[in-house]
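A.B. asks: Got a predicted model here, sequence first, then my questions.
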Amino acid sequence: MKKRNITFTTILLVLGCFAMGSAPSASASTPTPVTITAVYDFSGFPDVTGTFTTTGALTISGDTTMHVDLNADGIRAHCVVTLIASDGTIIIHQQCQFATDPPEGRWQIVSGTGAYANLKGNGSLTMPPPLDEAMIGVIYQ
């Protein structure tokens with residue numbers, strides 16, 4: 001009987017640990033608005049370079065690269081954007097469509113280094129002429 005109680009108690013403790021691990025973190029951050037504006041030189045298409053600035057929750061600027069992967073009909077693209085700041089990098093994936101004027105899409109921060117190693121964020125984007133990208137959304141730090 002004593003052995004069953006110990007086994008039962010051990011099972012309850014293990015289940016309790018799993019339940020506690022799935023609770024939301026008290027340190028989860030709230031979304032904070034950000035705007036990321038980039039200007040690119042498309043002469044090296046599909047690998048382009050340019051500069052960027054941010055406003056709102058982030059106030060950084062620097063160089064940027066983007067790899068553009070167009071679909072067969074040229075109406076949609078998946079892009080990988082790298083923002084290069086003095087204290088780290090931010091990697092953004094974009095899904096864009098060119099059926100509207102100006103073209104538009106969605107973006108999501110997928111990774112970062114240095115000061116941006118744990119940065120997350122997402123939002124919408126437009127591509128107004130001449131060669132600008134305007135990403136508006138939120139970040140979570």
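C.D. replies: Cool, the structure landed.
A.B. asks: pLDDT score for residue 60?
C.D. replies: pLDDT, the model's per-residue confidence, is 97 for residue 60.
A.B. asks: Check the gap between residue 113 and residue 63 for me.
C.D. replies: Noted for residue 113: a distance of 14 Å to residue 63, by Cβ to Cβ, to the nearest Å. Using the backbone N, CA and C atoms, a C-beta is placed for each residue, glycine as well.
A.B. asks: Could you do residue 41 as well?
C.D. replies: Distance of residue 41 to residue 63, given as Cβ to Cβ: 11 Å.
A.B. asks: Who has more neighbours out of these two?
C.D. replies: Comparing residue 41 with residue 63 by other Cβ atoms under 10 Å, the one with more neighbours is residue 63, at 14 against 11.
A.B. asks: Name the nearest residue to the more buried one, sequence neighbours excluded.
C.D. replies: Distances taken as Cβ to Cβ, 6 or more residues apart in numbering put residue 84 closest to residue 63, at 4.6 Å, once the chain neighbours are dropped.
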